[in-house]
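*Asks:* Kindly return the folded structure for what I paste below:
(one chain, ligands or ions: 2)
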Amino acid sequence: MLFYSFYKAWKLDPGTITATHGERKRIIVNLAEDGSLDFKSFCPTCLVRRPIRSKHCSICDCCVARMDHHCPWVDNCIGVDNHASFMIYLFSVIVCYTYVVYGAFCSNIPLTKFSWLCYIALYNANSLKIPHNSVSFVSLV
Ligand SMILES: [Zn+2]
Ligand SMILES: [Zn+2]
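*Replies:* Ligands and ions are numbered 1, 2, ... in the order given. You can find the predicted model right below:
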């Protein structure tokens, strides 16, 4: 579930607002005639009408409907179409991280090879002197 939701958040279109050349012309003319050709309702970069809660992402260089943010971890905008996948991905990361940390420090859960690797990576990366009580030390050895 972690990798599947990550893949969907990474590769799904976040809800890019597109328009054909003719639609852009019509949008500009309509907004100019209505007198509402401002940056709140019109994107001067994409030349499209922006719905409410949409934003232009300068990294992706497109307007995204109901944009939350541009996530550098999934290298994609989080918008209307991949927001649910992103939330599932975040929940999966929290569950996996909790399992790894809990498994590394609790003797009741058997350590897997993955949690061993994460424990060693965390221990070496932070250069912390992690205090071991006798029970967790025995389980690690
Ligand atoms: Zn735009
Ligand atoms: Zn973006």
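*Asks:* give me every residue that touches the residue nearest to residue 54 when sequence neighbours are not counted.
*Replies:* Distances taken as Cβ to Cβ, 6 or more residues apart in numbering put residue 65 closest to residue 54, at 4.9 Å, once the chain neighbours are dropped. For every residue, glycine as well, the C-beta is placed using N, CA and C. Taking Cβ atoms under 8 Å, 6 or more residues apart in numbering, we find residue 65 in contact with 15, 16, 17, 51, 53, 54, 79, 80, 81.
*Asks:* roughly how far apart are residue 65 and ligand 2?
*Replies:* Distance from residue 65 to ligand 2, counting by Cβ to the ion, to the nearest Å: 13 Å.
*Asks:* mind pulling up the phi and psi values for that residue?
*Replies:* Backbone geometry at residue 65, expressed as degrees, to the nearest 10, gives phi -70, psi 140.
*Asks:* Would you mind measuring from it to ligand 1?
*Replies:* Distance of residue 65 to ligand 1, given as Cβ to the ion: 11 Å.
*Asks:* So which of the contacts of residue 65 wins on neighbours?
*Replies:* The residue in those with the most neighbours, by other Cβ atoms under 10 Å, is residue 79 (28 neighbours).
*Asks:* Can you give me the pLDDT of it?
*Replies:* What the model reports for residue 79 is a pLDDT of 93.
*Asks:* Surely it touches residue 14?
*Replies:* Yes. With contacts counted by Cβ atoms under 8 Å, residue 79 reaches residue 14, the gap being 3.3 Å.
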